[in-house]
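> what's the 3D shape of this:
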Amino acid sequence: MRKLVIIPTYNERENIVAMIDKVFSLDTSFDLLIIDDGSPDGTADLVRERQKTASERLHLLEHAGKQGLGTAYLTGFRWGLERGYDSLCEMDCDFSHDPEDLPRLHAAIADGCDVAIGSRYVEGVNVVNWPMSRLLLSYFASKYVRLVTGMPLHDATAGFVCYSRRALETIDLDAIRMKGYGFQIEMKYSAWRLGLKLRELPIIFTERREGCSKMSGNIFGEAFFGVLALPFRKIRARKKNDNPNN
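Below you'll find the predicted structure:
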C-alpha cells in the first residue's frame, strides 16, 4: 500500500525539520506532503531545503495566504488520491501527535478499517501538559458532538486520523463545509453516516513544546454551531462519475 502523511503548517519553523526527519526514520515507509498556509516565518523554505535530499518522498504545496486547516487537508486528500495513495494520514506538525503511532493507524487501514482515529479519550484521558480549562473544553466538546449527532466516538475532534482511499473516494469532499477544527468532526460524521468503518486507537497527546497554538474563538464557534446543523443535513456519497481530484 502507498502511504501518505499530510501535515498542514503555519509558522512551524521550530518543528518542521525535526518532524520530517522523524517521519522518515520510521521503520514503516511513509511519503510526506507539507501544505504551508503562507507562513511568514520561512517554514516552506526549510521544507524546500530538506527536499534536496528527500525529493522523492517529501512534497510541498503552498497556499498564497492562510486558508485554514480544513482547506489544507482537502487539498492534500485530492493531491494524494490523484497520485494513487491507498492510505492518507493527517497529523499536526508540533509533535502533539507522536509519529511513532503512524504505523498503528496505517495497520488499521490495511486491516480493513476505513477511518483510523488516534483517540485521546477512548481509554480514559491521555493528554499531557494541557491546562485543565483546555482539557475540559476538548473532552466535553467530544461529549457534545456525541450527544448532538449520535456518532459513537469518544474523540470526535481528534486531528490524528488515517483515511483509506475508499473512504476519501466515498465522502463527497466538495460538500465538506467547515474549514477550522470543525472539519475534523464533519469528516468523521460524514464517514459514519455513509456506513464506513471507523476505529479509535488509543494515543497519548502531548502539548506542543515549540511554537504557538492556532486555536481561536472563531474556530470554536464554527465547530459549535456547525455540529448543531449536522443531523439536519443530507449526507450523500460522492457520485461515481464525480472526480474527487477536482
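> mind checking how far the closest residue to Thr206 other than its chain neighbours is from Asp36?
Ranked by C-beta to C-beta, 6 or more residues apart in numbering and with sequence neighbours excluded, the top spatial neighbour of Thr206 is Val128, at 4.4 Å. To be clear about C-beta, it is placed using only N, CA and C from the backbone, and glycine gets the same treatment. Distance, Val128 to Asp36, by C-beta to C-beta, to the nearest Å: 27 Å.
> higher neighbour count, the two?
Asp36 (26 against 10; other C-beta atoms under 10 Å).
> quick one, phi/psi of that one?
phi -100, psi 130 (degrees, to the nearest 10).
> for the spatially most central residue of the chain, what are its contacts?
Closest residue to the average C-alpha location of the chain: Glu90 at 3.4 Å, with C-alpha atoms, centre = their mean. Residues counted as contacts of Glu90 (C-beta atoms under 8 Å, 6 or more residues apart in numbering) are Val5, Ile6, Ile7, Tyr73, Gly76, Gly159, Phe160, Val161, Cys162, Tyr163.
> just those: which are in strands?
Per DSSP state E, strands hold the following members of the contacts of Glu90: Val5, Ile6, Ile7, Val161, Cys162, Tyr163.
> quick check, distance from the lengthiest helix in the chain to the centre of its chain.
Looking across the chain with DSSP state H, the single longest helix is helix 132-149. On the basis of C-alpha atoms, centre = their mean, to the nearest Å, helix 132-149 sits 18 Å off its chain's mean C-alpha point.
> quick one: residues in contact with that helix.
120-121, 125, 127, 130, 151-157, 185, 189, 220, 223-224, 227-228, 230-231.
> about what we covered before: among the ones in strands among the contacts of Glu90, which one has the most neighbours?
Tyr163 (32 neighbours).
> verify the stated contact: it with Phe77.
Yes: with contact defined as C-beta atoms under 8 Å, Tyr163 counts as touching Phe77 (7.4 Å).
> mind listing the shared neighbours of those two?
Between them, Tyr163 and Phe77 share the contacting residues Leu88, judged by C-beta under 8 Å, 6+ apart.
> okay, now the unreliable bits of this structure?
Applying pLDDT under 70 to the chain flags the ranges 208-220, 240-246.
> let's see 80
55, 65, 181, 208-223, 239-246 (pLDDT under 80).
> all strands for it, in order.
3-9, 31-36, 58-62, 87-90, 115-119, 127-128, 161-164, 198-202, 205-206.
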